[in-house]
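Visitor: just the structure for this:
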Amino acid sequence: MVISAAANNTSGSVASAFPQLTFAASAVTAGAAFATFLSTLREDYWDNISSTHFYGVIFILSFAFSWLLLHGGGLGMGEVGNAGVHVDASSCSPLKPSLKPASASPTDVKGDYPADGPQPKWHILMALNYFITALFVGTLVVFSTDARANLNDPSTMASLIFVWCMFLIYFFGFFGISFVDKESLARSRPSDFGLVDLCNDNNMKHISMNVRDSDSLKVPPMKIVHAPATLAPVCCDPSTLMFPKASNSTKDGYDQMSDQEVAALVVNNKIKDHQLEKLTDPDRAVDIRRIVYNHKLSSLGLGNPLQNLPSSPSLDYHRVFGANCETVVGYIPLPVGIVGPLTLNDETVYIPMATTEGCLVASTNRGCKAISMGSGATSCILRDGITRAPCLRMKSAKAAAELKLWCEERVNFAKLKQTFESTTSFGKLLEANPTVAGRNVYLRLKCFSGDAMGMNMVSKGSLAVVDYLRSVFPEMELLALSGNMCTDKKAAAINWIEGRGKSVVVESTIPKDVVRNTLKTTVKAIVDTNIQKNLIGSAMAGAIGGFNAHASNIVTAIFLATGQDPAQNVESSNCITLMEETDKGDLWISCTMPSIEVGTVGGGTGLPAQAACLQVIGCKGGGKTPGSNSQQLAHVVASATMAGELSLLAALAANTLVQAHMQHNRKPTLKK
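Guide: Predicted coordinates for the structure are as follows:
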C-alpha cells in the first residue's frame, strides 16, 4: 500500500511537471475508444453501406466543418473603432497584419489572423490538431498491443491502413511544407508547429521574426521587410495621368462604410490609397490613410506613431516658447505625405515628407517601389562628424604657422581632445585641422556628436579649445567662433571633399523589366540622361556638389517633417548620382552624399509632430548606442534621395515630366 501510494504521488508529481505524460495517457485512451468504434463501424455498417453514400457522408461532414471553421465570428477591421490598431508578431501577412484593439493581449490566439470580414476560428483548428494527433498515437498504441493478431486479420489491417492514410493526408496538408522548411520549423514555438513563421516566410521577402522570450534564448533582433507596394502611384506614366472620376453611386457606397472598413480595402489592395480623396472626401481620406499607415507601421513594431502627428490645426505653444521660435503669432501647416515601403539595408522603412510641391511624394514613392522590386537600397556611413572652425588671429604669419604646427603634433592634439570632451557627455573630438591665411588660423574641429546634430555641442567644445590655446599662445585672439570653414549653411567645396555631418553612399540595382514596366523607360535611356544632365550639365554650370537632378527636394521635405534645420539643406543636399548598365542589362544606381547634417534629439525633433515623423521612420530620440538613430536617419535621407533621383530621371528620359506635373501640381478651377 505504501509503495502504491508513493508511486501514485510520484506519478502525480511527474505528470504535473511533464504534461506530455498526461497527454500520452489520454491519447492511449482515445485511441482505444477509436479502435473500438472502428470495429463496431466495420461490423454494423461498413459491409452494408454503398461507396456513393460513404463518400457523400464524408463530403457533407467536411463541408460542414469547413463552413464552421471559416465563417466563425472574429474581430474584423471594422470593429477596431477608436481603440487603436495592434499588430501581433504572428500575423501571417506583412501587408495585412491582424487588427485588434490595442488592449488585446499579443498572445491572444483569436487575434492572430488578418481581419477582413468574418474570421476563421483558429482555436478550433488548434484543438483539432491535438485531437487528431491523439487519435493517431492511440491507434498506433492499440495496434502494437497485439500486432501479430492484427497483422493476420486482413479486415482489421484494411481499416487501420485506411485510417492511417487519412491521418497522413491531414498531417501533410497542415505540416508538410513546414517539414521541408526546416528554418521556419526551427524558429517555431511548440504551440504553432512552425505555421506562424512559415506564413511569414511565404508572404514576406527576407522576413524573419523574433522568437518569444528572445532575451533568454539570446536571439538577435531580426529585420522585417514589407513587399513592394503593388498599387503605388506612378505619376509619370502617361497612361495613369487621368484617373476615372468616381461616380455618385461609388461614393455613396463608400459613404455607407466605416473608416475602418475602407481602410481594410486599402490594406488589402482593393483600392489605391492615393485615390481616397476621389472616392470619399479630402478630410475623411486623411483619417482613413492614418488608419492604414498606423496599421502598416505597427507591423514593424513602431506602435502608433501618427497619433502625435496632428491632422487638424493644433500646436502646443508651450513647447515652442524658449526653444524654437520667438514672438510667436501662429504656425504654418504643411501637408505631410508618406512614401514606402522602401527596402533599406534588408528592412522596411516608411518615410514622411512635408512639402507643398505636387508630384514630389508620388514620384519618390515610384522610385521606392522600383528599388524595392530590385535589390533594395544598401547604404553605408563613410564618416560621421560635425565641424566648427574658429577664426584665430596671431601677431604675425610666422606665429600663425607655429600655431598650425603645434596643433598638428599628436601629443598636443590629445590635449585639445581632452579639453573638448570635458564639456560634453557624448561628444568625441576626432580631428583638428588648421588652415593658415596670413595671420589668421582657421582651426576646423570635427567631433562625433551622438544622436544630436551637434552644432551646440561642437560650438561649446570649440570655445573650450580656444580658451586652452590662449593659455599656450597668450597673444592669440578669437575673431569669430565660426570662421566659415566649417562650413555651415553655405555651399562650400570643403564640405563636398572632406564631408560634414554624415557622409553616406547608397546603391541599388534595378532589373531592366522594372525599369521598363514601372519607370516607363529603358536602361540605356536613363543612363544617358544622367550623364548628359547630372554630370556634363552640372560641370558646365560649375556646380559644387550639385551633380544630381533634385536631391534638395527630398532632403528638404524630410528635414521639414522630422524637425531638422531646413537651412542646412544647402550642404546636406550635396550629392552625385551615378548610373551604369550592368553586364546583365540591369540598372545600377548610387548616390554619394558627403554632408548630411541630421539629428534625432534636440532642436525641432522635440516637437510632437516632428517626433511622430521620426517615430514613423523608427529613429525617434536617442538610439540604443550613441549615434545609431541619427545615422539611421541619414541612411533614410540618402535612400529616399536616390528614389527621387531615379523617378525624376526616368520621367526626363521618357519625356513625361510636364504631363505629370500638369496632372498632380495643378488644381482645376472650381466652378461657382
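Visitor: give the rounded mean pLDDT of stretch 567-577.
Guide: Mean per-residue pLDDT for stretch 567-577: 97.
Visitor: what of stretch 492-508?
Guide: 97.
Visitor: in that stretch, what's buried?
Guide: In terms of neighbour count (16 or more other CB atoms under 10 Å), stretch 492-508 has its buried residues at 492, 494-496, 498-508. The way it works is simple: take the backbone N, C-alpha and C, and place the C-beta from them, glycine included.
Visitor: what is the burial count for the residue lying closest to residue 605 once chain neighbours are set aside?
Guide: Sequence neighbours aside, residue 563 is the residue nearest to residue 605 in space, at 4.0 Å (criterion: CB to CB, 6 or more residues apart in numbering). Counted with other CB atoms under 10 Å, residues neighbouring residue 563 total 25.
Visitor: ok, the one 10 residues further on next?
Guide: When neighbours are counted by other CB under 10 Å, residue 573 registers 24.
Visitor: check the one 4 residues further on too.
Guide: Using other CB under 10 Å, residue 577 is surrounded by 26 other residues.
Visitor: right, and the helix or strand after the helix or strand hosting it?
Guide: Secondary structure assignment for residue 577, by DSSP states H and E: strand 575-581. Heading C-terminal from strand 575-581, the first helix or strand you meet, by DSSP H and E, is strand 587-596.
Visitor: in terms of contact, does residue 288 touch residue 261 like I think?
Guide: No - counting by CB atoms under 8 Å, residue 288 does not reach residue 261; the two are 9.5 Å apart.
Visitor: neighbour count winner among the two?
Guide: More crowded of residue 288 and residue 261, by other CB under 10 Å: residue 288, with 26 against 18.
Visitor: pretty sure that one belongs to a helix, no?
Guide: Yes - under DSSP: H, G, I helix; E, B strand; the rest coil, residue 288 falls within a helix.
Visitor: which elements pack onto the strand holding residue 577?
Guide: helix 523-530, strand 546-547, strand 587-596, helix 628-654 (3 or more CB pairs under 8 Å, 6 or more residues apart in numbering; DSSP states H and E).
Visitor: cutoff 6 Å now
Guide: Helices and strands touching strand 575-581, by 3 or more CB pairs under 6 Å, 6 or more residues apart in numbering; DSSP states H and E, are helix 523-530, strand 587-596.
Visitor: which of the ones you listed sits closest to residue 414?
Guide: Proximity to residue 414 (CB to CB) singles out strand 587-596 among the helices and strands packed on strand 575-581, at 27.2 Å.
Visitor: quick one: mean pLDDT for that closest one?
Guide: The model assigns strand 587-596 a mean pLDDT of 98.
Visitor: name the next helix or strand downstream of that strand, please.
Guide: helix 608-617.
Visitor: okay, and which of the buried residues of stretch 492-508 map to strands?
Guide: Of the buried residues of stretch 492-508, the ones assigned to strands by DSSP state E are 501, 502, 503, 504, 505, 506, 507, 508.
Visitor: got any ranges where the stretch 551-672 of the chain has weak pLDDT?
Guide: Within the stretch 551-672 of the chain, the segments meeting pLDDT under 70 span 657-672.
Visitor: how about the stretch 251-400 of the chain?
Guide: Where the stretch 251-400 of the chain drops to pLDDT under 70, the residues are 251-252, 313-315, 317.
Visitor: what ranges do the helices span in it?
Guide: Along the stretch 251-400 of the chain, counting by DSSP state H, counting those that start in this stretch, helices occupy 259-267, 276-279, 282-298, 317-320, 360-373, 397-408.
Visitor: I'd like to know which of the ones you listed lies nearest to residue 552.
Guide: With CB to CB as the yardstick, what comes closest out of the helices of the stretch 251-400 of the chain is helix 360-373 (11.2 Å).
Visitor: how about the closest one as CSV, C-alpha atoms only?
Guide: The C-alpha coordinates for helix 360-373 follow below in CSV (Å, rounded to 0.1, in the frame of the first residue of the first chain):
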residue,chain,number,x,y,z
LEU,A,360,7.1,65.1,-55.3
VAL,A,361,5.7,62.4,-52.9
ALA,A,362,4.1,60.4,-55.7
SER,A,363,7.3,60.5,-57.7
THR,A,364,9.5,59.5,-54.8
ASN,A,365,7.1,56.7,-54.0
ARG,A,366,7.5,55.4,-57.5
GLY,A,367,11.3,55.3,-57.0
CYS,A,368,10.9,53.5,-53.7
LYS,A,369,8.7,50.9,-55.5
ALA,A,370,11.3,50.3,-58.2
ILE,A,371,14.1,50.0,-55.7
SER,A,372,12.2,47.5,-53.5
MET,A,373,11.3,45.5,-56.5
